[in-house]
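> Have a look; sequence and predicted model below, questions after that.
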Amino acid sequence: MIQAVQAKLIASEATPHALPPVQLDQFEGPLDVLLHLIRSQTMDIFDIPMAVITVQYLEILEAQEEMDLEVAGDYLVMASTLMQLKSRMLLPRPEIDEQGNEIDPRAELAAQLLAYEQYRMLAEELNELPRLGRDVFVRSIFPEAKDVQRPLPEADLDALLMAFRAVLKRVGGEVRHRIFSETMSVRERMTTVLERLRKGGIGLDELLADEPGREALVTTVLAILELWRQQMITVVQSEALGTITLLPKEAMT
Amino acid sequence: MNAEQLQRLGSKLEALLLASDEPLSMARLRDLLGEDLQSSDIRAAISALEAFYQDRGIQITQVAGGWQFRTTPEHAELVHKLWEIRPQKLSRSAMETLAIIAYRQPTTRAEIEALRGVKVSSQMIATLQERGWVKVIGRKEVPGRPHLFGTGKQFLVDFGLDSLKDLPDSAQLIDEDEIQQMVMGSIREHDYEETDTDEENPHENESQVDRD
């Protein structure tokens, strides 16, 4: 750790342009780092001092304690490009373009930097646009019109039968419950009770007196409870343990 | 159309724009309001509404080929508080990738990588696709047939753009050839200048040995 710090100090002393330390993760890649170096020192992008920039670039790279392998490659490729350019700048230029002009080895890098800088700036401008969900909002709760209009999925009889058959098979055809049709219908009895109440109130005892048998009794009581629940009749008991009277609803009003 | 009719039309438009959950296009508005209406009348009524909402908390925004009511950016924090949300932040790398796709579409991943000088992760492209900002719009007919990326309608909606023409500074965008020429030209100029100004740049001596 101390060694690393010392190495950094020595390295920055060695260069004429000591820069404030920067972290690589602040950058979006080698082009971003180079642009930072060039622009922060107001260097001319068309006349990049290769030796200085290469040293500074390598310094930033070396200062990283650990580098993500995925991004390391891109940075290292640029490092080698810079070193190659630096050495090519030292040589007389053999490359000549169609018009007979010497080709500056830095031209390609400068073009790449300019193109990148342009998109970097456009990205910033794009980011500053008022964005939906960040800066501007629209009404957020919508009637679920789509759900209402959507037709119900059509019932597939075959699928239903197949599913039923599968269940039957699993159960093994065993019938576990037997349902007998009721001889006394609560509904029917409700009608009877209402009919008898039409003339006015009637005592519970009186109503139940002529019921034949236990089953009929239970059914009638159920019918009374159901009628009461549905508020079609009123059940009155004027005193504790007194007679219970049933009144049709109309009689109340 | 007289002033009263225009006023009446404006009031209808106001109702439609408020009740719609997406931007309403001119075609859709004409469809809803009756075909006999002139587009110019609708446009005039919208202009009047726009003026009316000038200094209000909501405004009529022209997005993705339609109109929509939106809150104004100055109240963003208030709405964040109401919805208990944190403003979404996008990484710079995602924004750069999106910018390249938006301005250069159709474009390939290789092109994005060349421009940014770094690898573009599939994860990031997937994130942009999930938001509906980026779409695969075809394949480039070169070996490997790479995907061609472009922006989707949601990109216009979310960035409040009426069309791609409204991208900021798109007119000033310089293409590669122009940059190349610019660089060549500028560097050549420098070569001539340098013969006079060499002494003024002593720190560059290292790189200029043997040049003269």
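Happy to help now that I have it.
> who's in contact with B:F149?
B:I101, B:Q105, B:P106, B:T107, B:T108, B:R109, B:I112, B:I125, B:V134, B:K135, B:V136, B:I137 (Cβ atoms under 8 Å, 6 or more residues apart in numbering or on different chains). (Each C-beta comes from the backbone N, C-alpha and C, glycine too.)
> Let's see that with 6 Å instead.
B:I101, B:T107, B:V134 (Cβ atoms under 6 Å, 6 or more residues apart in numbering or on different chains).
> Tell me the secondary structure at it.
Using DSSP: H, G, I helix; E, B strand; the rest coil, the structure places B:F149 in strand.
> contacting residues around the closest residue to B:P23 other than its chain neighbours?
Spatial nearest neighbour of B:P23, excluding adjacent residues (Cβ to Cβ, 6 or more residues apart in numbering or on different chains): B:G66 at 3.1 Å. Residues in contact with B:G66 (Cβ under 6 Å, 6+ apart) are B:P23, B:L24, B:S25.
> Tell me, how many residues neighbour the last one?
Counted with other Cβ atoms under 10 Å in any protein chain shown, the burial measure for B:S25 works out to 13 neighbours.
> Same question for the first one.
Under the neighbour criterion other Cβ under 10 Å, B:P23 is assigned a count of 22.
> Tell me how many other residues surround the closest residue to B:F159 other than its chain neighbours.
Ranked by Cβ to Cβ, 6+ apart and with sequence neighbours excluded, the top spatial neighbour of B:F159 is A:L129, at 4.9 Å. Here the count is done by other Cβ under 10 Å, and A:L129 has 18 residues near it.
> follow-up on the earlier one: and the contacts of B:G66 as TSV, adding pLDDT and secondary structure?
Shown next, in TSV, are the contacts of B:G66 (pLDDT from 0 to 100; DSSP: H, G, I helix; E, B strand; the rest coil):
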residue	pLDDT	secondary structure
B:P23	93	coil
B:L24	95	strand
B:S25	94	strand
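> that older thread, the residue nearest to B:F159 touches B:L161, doesn't it?
No: applying Cβ atoms under 6 Å as the test, A:L129 and B:L161 come out as separate, 7.4 Å apart.
> Show the low-confidence segments of chain B, by residue range.
B:171, B:187-212 (pLDDT under 70).
> Which stretches in it count as helices?
Along chain B, counting by DSSP state H, helices occupy B:3-19, B:26-33, B:39-52, B:76-83, B:92-104, B:109-116, B:122-130, B:153-158, B:176-197, B:205-208.
> tell me what the third one is packed against?
Contact here means 3 or more Cβ pairs under 6 Å, 6 or more residues apart in numbering or on different chains; DSSP states H and E; on that basis helix B:39-52 packs against helix B:3-19.
> Can you check what angle separates the helix it packs on from helix B:26-33?
On the basis of axes from the mean of the first three to the mean of the last three Cα atoms, to 10 degrees, helix B:3-19 is oriented at 110 degrees to helix B:26-33.
> Can you give me the buried ones in helix B:3-19?
Within helix B:3-19, the residues that count as buried by 16 or more other Cβ atoms under 10 Å in any protein chain shown are B:L6, B:L9, B:G10, B:K12, B:L13, B:E14, B:L17.
> Contacts only, for B:T151.
B:A102.
> let's see it at 10 Å
B:98, B:101-103, B:105-106, B:128, B:132-135, B:137, B:159, B:161, B:164, B:167 (Cβ atoms under 10 Å, 6 or more residues apart in numbering or on different chains).
> Please look at A:R131 and B:G160 and confirm they touch.
Yes: contact status for A:R131 versus B:G160: in contact at 7.1 Å, counting by Cβ atoms under 10 Å.
> Looking at the contacts of B:T151, spot the one nearest B:M182.
Taking Cβ to Cβ as the measure, B:M182 lies nearest B:Y103 of the contacts of B:T151, at 17.8 Å.
> What is the neighbour count of that closest one?
20.
> next one: the one 4 residues further on
Using other Cβ under 10 Å, B:T107 has 21 neighbouring residues.
> Bridge partners for it, pull those for me.
Beta bridges link B:T107 to B:F149 when assigned by DSSP bridges.
> gap between B:V118 and chain A?
Distance, B:V118 to chain A, using Cβ to the nearest Cβ, to the nearest Å: 4 Å.
> Per-residue confidence at the residue nearest to B:F159, what does it come out as?
For A:L129, the model assigns a pLDDT of 93.
> do A:E144 as well
Reading off the model, A:E144 has pLDDT 47.
> Pull up the overlap in contacts between A:L129 and B:L161.
With Cβ under 10 Å, 6+ apart as the test, A:L129 and B:L161 both reach B:L167, B:P168.
> What does the residue nearest the centre of chain B show for phi and psi?
Closest residue to the average C-alpha location of chain B: B:L167 at 3.7 Å, with Cα atoms, centre = their mean. Per-residue torsions, B:L167: phi -60, psi 140 (degrees, to the nearest 10).
> mind listing what it touches?
A:122, A:125-126, A:129, B:99, B:102-103, B:151, B:155-156, B:159, B:161, B:173.
> Past the helix-or-strand element of chain A with minimal mean pLDDT, which element shows up next along the chain?
For chain A, counting by mean pLDDT, DSSP states H and E, helix A:145-149 ranks last in confidence among helices and strands (a mean of 44). Using DSSP states H and E, the helix or strand that follows helix A:145-149 in sequence is helix A:157-171.
> So which other helices or strands are in contact with that following helix?
For helix A:157-171, not one helix or strand is in contact under the criterion 3 or more Cβ pairs under 10 Å, 6 or more residues apart in numbering or on different chains; DSSP states H and E.
> Can you give me the distance of A:T42 to chain B?
13 Å.
> How about the secondary structure of that residue?
Assignment for A:T42 (three-state DSSP): coil.
> so how far is A:P49 from it?
With the distance defined as Cβ to Cβ, to the nearest Å, A:T42 ends up 12 Å from A:P49.
> which of these two has more neighbours?
Neighbour tally, A:T42 and A:P49, criterion other Cβ under 10 Å: the higher count belongs to A:P49, 24 against 6.
> what pLDDT does that one get?
For A:P49, the model assigns a pLDDT of 91.
> May I have the phi/psi pair for it?
Here is the backbone geometry of A:P49 (degrees, to the nearest 10): phi -70, psi 100.
> Wait, it touches A:Q41, no?
Yes: applying Cβ under 10 Å, one finds A:P49 in contact with A:Q41, separated by 9.1 Å.
> quick one, what contacts the residue nearest the centre of chain A?
Centroid-nearest residue in chain A: A:G133, 14.0 Å away (criterion: Cα atoms, centre = their mean). Counting by Cβ under 10 Å, 6+ apart, A:G133 touches A:S140, B:A76, B:V79, B:W83, B:I85, B:P87, B:Q88, B:R131, B:D158.
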